[in-house]
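> turn this into a structure:
(one chain, ligands or ions: 1)
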Amino acid sequence: MKNTFYITTPIFYVNDKPHIGHAYTTVACDVLARFMRLAGREVMFLTGTDEHGQKVEKSAEKAGVQPKQFVDGVSQAFRDLAKEMNLSSDDFIRTTDARHIKGAQALWIKMQEKGQIYLGSYPGWYAVRDEAFYQESELVDGKAPTGAEVEWVEEPSYFFKLSEYQDKLLAFYDANPGFIMPESRRNEVISFVKGGLKDLSISRTTFKWGIPVPGDSEHIMYVWLDALANYMTALGYGQEDDTKYKKFWPADLHMVGKDIIRFHAVYWPAFLMAADLPLPKRVFAHGWWTVEGEKISKSLGNAIVPADLIETYGLDQTRYFLMREVPFGSDGNFSRERIAIVINSELANNFGNLIQRTLSMVHKNCGGVVPDPQGVQKDELDMAFLQKIQVTDALTPENIAKRYYDCKFNDILADIMAIASEANIYIDTKAPWKQKKIDEKLMNATLYHLVEAIRCITIMIQPFMPGSAARILTAIGYSEEQATKGILFFELAPEYAIKPGTEIAVPQPFFPRIENVS
Ligand code: ME8
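Alright, predicted model coming up:
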């Protein structure tokens, strides 16, 4: 297995403030990036902002400021989001960065040198909101299929010979069944490509906010060609130092919302084929969030600001909910009632309660240190329980890496929480408070196995809830430095099991109940 892992979020338009939808994409990438690091891989995790194009130019105009001043402000809000959500991103690319402009122009030149670009004239429909061209036949009631307003544009334009890539793309999808996920999106893309591809207009002349076309500054590059190039320019493509490019390209995963799958699974691989460059390994299109059943929209003003969620529910609780609520790939609905139910039933009553009960008993009965399980014959119940916590098949590093790569986040969490439920059942069945009265050794063995279960569950949950996991790991004896850095997944193995005598901190509630449910 290759030891590097390169993952990207979409780069966000700066015409809007970050909301729950943006947080969703970035948290999913963060979970994957953190898992891969803890599985021992060298990770590059990229996010950033998409700052050119007509849409952004118009937003700046509306705000009454110069585009550059406007983009500097909103781009910062996305950087702040990364901090607020505890994202472990390694770089933040802006399409107004000099490095990006240089790299995007280098890509253009490469495509041009290969004879894949020609000058023509574009008459057709354009939707500024989507920054996309539409054919007459695609319009629905005079609007784009997405509902966006379209305008007629007629201007000189450079074209990319996309029409020549239909067969090459179909052959590529065929040879690489895992390239587009989930399956439903793959089918959608394949039928779009089978429907025929027209050459793509890749430059504009009627506005200025973009990257000049090399050798013809009357034109600026189409914002999607500019934007997609970020995945390579951030690594140094087309620049003096391209060490990272050589090391990490092609990307292992481009995470995108389902709205922009076509750009990533059709245009992007075609551009790369045209430039004779390696193609990314996978594009995963996740679903779309609504809020209390409504589409997130500026006019409804219902966009949930991540900072509000963090304040009300806690950062890791919010991350947990986003990854747990729906299978990744399906649409989700955010409701205050659901987030409270999920936090209360899974984190407070299940995992949190397990920690609280176990650590309190260790304090009350074992002087605050992990007791020694020696001298007690394991019974059937112990054996069954230990087998569960000692990395069941589904959670072995190889299997789990595949499940992470397939973005099965909610299943992974369900399995981890099932172990916590088992542990709570184990406490009730063993009843260490009764065992104490019969023979303290029996109680010691039970409590030992429970602390070990907490250790394993916490290691497993680190990618989702890094801050809470670090606090729990510190409470059961890891140094703060170890816990913050993260405990590698191989340490789930029994030879790394917690040592009797390890000091345990006085338990504090890690996942408080949400009392006000709605
Ligand atoms: O499309 N639910 O940027 P963007 C789930 N600049 N995810 C959502 C969401 C929602 N309601 N709203 C937004 C662009 N997202 C381009 C990308 S990449 C080279 C250029 C997420 O700011 C989703 O992942 O409109 C979507 O793809 C992403 O935000 C980008 O949003």
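
> in the chain, what residue is nearest the ligand?
residue 21 (2.2 Å; CB to the nearest ligand atom). (Each C-beta comes from the backbone N, C-alpha and C, glycine too.)

> count of residues packed around that residue?
By the criterion of other CB atoms under 10 Å, residue 21 has 23 neighbours.

> same question for residue 466.
Using other CB under 10 Å, residue 466 has 23 neighbouring residues.

> so it sits against residue 34, correct?
Yes. Assessed by CB atoms under 8 Å, residue 466 is found in contact with residue 34 at 6.2 Å.

> mutual contacts of the two, please.
By the contact definition CB atoms under 8 Å, 6 or more residues apart in numbering, residue 466 and residue 34 are jointly contacted by 88, 486.

> residues in the chain within reach of the ligand, list them.
Applying CB under 6 Å from any ligand atom, we find that the chain lies next to the ligand at 10-13, 21-22, 24-25, 50, 227-228, 230, 256-257, 259-260, 288-289, 296.

> circling back: list the contacts of the residue of the chain closest to the ligand.
Counted by CB under 8 Å, 6+ apart, residue 21 has contacts 257, 288, 289, 296.

> thought the last one was touching residue 305?
Put plainly, it is residue 296. No. Counting by CB under 8 Å, residue 296 does not reach residue 305; the two are 11.3 Å apart.

> circling back: state the helix or strand in which the residue of the chain closest to the ligand lies.
Residue 21 belongs to helix 20-38 when assigned by DSSP states H and E.

> equivalent analysis for residue 124, please.
Going by DSSP H and E, residue 124 is part of strand 117-127.

> quick one: distance of stretch 498-507 to the chain centre.
34 Å (CA atoms, centre = their mean, to the nearest Å).

> mind listing what's buried in it?
Residues of stretch 498-507 classed as buried by neighbour count (16 or more other CB atoms under 10 Å): 498, 504, 507.

> from those, which is closest to residue 106?
Residue 106 lies nearest to residue 498 out of these, by CB to CB, at 52.8 Å.

> could you look up the SS state of that closest one?
Following DSSP: H, G, I helix; E, B strand; the rest coil, we place residue 498 in the coil state.

> hmm, it is touching residue 451, no?
Yes. Using CB under 8 Å, residue 498 is in contact with residue 451, at 5.6 Å.

> joint contacts of these two?
370, 476.

> buried among the residues of the chain next to the ligand? Make that a ChimeraX selection.
Buried members of those, defined by 16+ other CB under 10 Å, are picked up in ChimeraX with:
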select :10,11,12,13,21,22,24,25,50,227,228,230,256,257,260,288,289,296
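
> tell me which of the residues of the chain next to the ligand fall in strands.
Using DSSP state E, the subset of the residues of the chain next to the ligand located in strands is 12, 13, 50, 256, 257, 289.

> from the residues you listed, which one has the minimum pLDDT?
pLDDT is lowest at residue 13 among these; the value there is 90.

> where do the strands sit along the stretch 151-300 of the chain?
In the stretch 151-300 of the chain, the segments counted as strands under DSSP state E, counting those that start in this stretch are 151-160, 180-181, 200-201, 203-204, 212-213, 216-221, 253-257, 283-286, 289-291, 294-295.

> kindly reformat those strands as JSON lines containing distance to residue 513.
Formatted as JSON lines, those follow (distance: least, CB to CB, whole Å):
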{"stretch": "strand 151-160", "distance to residue 513": "52"}
{"stretch": "strand 180-181", "distance to residue 513": "36"}
{"stretch": "strand 200-201", "distance to residue 513": "53"}
{"stretch": "strand 203-204", "distance to residue 513": "54"}
{"stretch": "strand 212-213", "distance to residue 513": "57"}
{"stretch": "strand 216-221", "distance to residue 513": "52"}
{"stretch": "strand 253-257", "distance to residue 513": "32"}
{"stretch": "strand 283-286", "distance to residue 513": "29"}
{"stretch": "strand 289-291", "distance to residue 513": "23"}
{"stretch": "strand 294-295", "distance to residue 513": "28"}
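
> which of those strands has the lowest mean pLDDT?
Ranked by mean pLDDT, those end with strand 294-295 at the bottom, a mean of 84.

> could you list the buried residues of the helix or strand just after that one?
Per DSSP H and E, strand 294-295 leads on to helix 306-313 as the next helix or strand towards the C-terminus. Residues of helix 306-313 classed as buried: 306, 309, 310, 313 (neighbour count, 16+ other CB under 10 Å).

> check stretch 187-204 too.
188, 189, 190, 193, 197, 199, 200, 201, 202, 203, 204.

> swap in stretch 468-481?
Under 16+ other CB under 10 Å, the buried positions of stretch 468-481 are 468, 469, 470, 471, 472, 473, 474, 475, 476, 477, 478.

> same question for stretch 35-55.
For stretch 35-55, by 16+ other CB under 10 Å, it's 35-39, 41, 43-55.

> what's the answer for stretch 105-116, then?
Result for stretch 105-116 [16+ other CB under 10 Å]: buried residues 105, 106, 107, 108, 109, 110, 111, 112, 116.

> which of these lies closest to residue 30?
Using CB to CB, the buried residues of stretch 105-116 come closest to residue 30 at residue 107, 27.4 Å.

> touching, that closest one and residue 232? I think so.
Yes. Between residue 107 and residue 232 there is a contact under CB under 8 Å: 7.0 Å.

> intersection of neighbour lists for those two?
The contact sets of residue 107 and residue 232 overlap at residue 238 (CB under 8 Å, 6+ apart).

> follow-up on the earlier one: quick one: which two of the buried residues of stretch 187-204 are the most distant?
190 and 204 (29.5 Å).

> where are the low-confidence patches of the chain?
Counting by pLDDT under 70, the low-confidence segments of the chain come to 1, 298-300, 390-397, 517-518.

> sec struct for residue 417, please.
The three-state assignment at residue 417 reads helix, by three-state DSSP.

> how about it, what does it touch?
Residue 417 neighbours (CB under 8 Å, 6+ apart): 346, 350, 351.

> residue 512 now?
314, 348, 352.

> is it possible to export those to CSV including neighbour count?
What follows is the contacts of residue 512, written out as CSV (neighbours: other CB atoms under 10 Å):
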residue, neighbour count
314, 21
348, 20
352, 22
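
> so what's residue 24 closest to, chain neighbours aside?
Leaving aside its chain neighbours, residue 24 sits nearest to residue 322 (5.3 Å; criterion: CB to CB, 6 or more residues apart in numbering).

> name the residues that touch the helix or strand hosting that neighbour?
Here residue 322 sits within helix 315-324, counting by DSSP H and E. Here helix 315-324 makes contact (CB under 8 Å, 6+ apart) with 20, 23-24, 27-28, 31, 84-86, 306, 309-310, 313, 332, 338-339, 342-343, 346-347, 409-410, 413-414, 464-468, 511.

> tilt between it and helix 306-313?
110 degrees (axes from the mean of the first three to the mean of the last three CA atoms, to 10 degrees).

> packing partners for the next helix or strand after helix 315-324?
Where DSSP H and E defines the elements, the next helix or strand beyond helix 315-324 is strand 332-334. In terms of contacts (3 or more CB pairs under 8 Å, 6 or more residues apart in numbering; DSSP states H and E), strand 332-334 is packed against strand 289-291.

> tell me the strands beside the strand it packs on, with direction?
Its sheet considered, strand 289-291 pairs with strand 294-295 (antiparallel), strand 332-334 (parallel) by DSSP bridges.

> in the last one, what's buried?
Buried residues in strand 332-334, counted by 16+ other CB under 10 Å: 332, 334.

> the next helix or strand after it packs against which elements?
Next helix or strand after strand 332-334 toward the C-terminus (DSSP H and E): helix 336-342. Under the contact criterion of 3+ CB pairs under 8 Å, 6+ apart, helix 336-342 touches helix 306-313, helix 315-324.

> between those, which one is closest to residue 363.
If we rank the helices and strands packed on helix 336-342 by CB to CB, the stretch that ends up nearest is helix 315-324, at 24.0 Å.

> and the angle for that closest one with helix 20-38?
Going by the same axes, to 10 degrees, helix 315-324 makes 90 degrees with helix 20-38.

> send me helix 315-324 as PDB with only the CA atoms.
The C-alpha coordinates for helix 315-324 follow below in PDB (Å, rounded to 0.1, in the frame of the first residue of the first chain):
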ATOM      1  CA  LEU A 315     -17.600  20.800  19.000                       C
ATOM      2  CA  ASP A 316     -17.100  17.000  19.000                       C
ATOM      3  CA  GLN A 317     -20.800  16.400  19.600                       C
ATOM      4  CA  THR A 318     -21.500  18.400  16.400                       C
ATOM      5  CA  ARG A 319     -18.800  16.600  14.400                       C
ATOM      6  CA  TYR A 320     -20.200  13.300  15.700                       C
ATOM      7  CA  PHE A 321     -23.800  14.200  14.700                       C
ATOM      8  CA  LEU A 322     -22.800  15.200  11.200                       C
ATOM      9  CA  MET A 323     -21.000  12.000  10.600                       C
ATOM     10  CA  ARG A 324     -23.500   9.800  12.300                       C
END
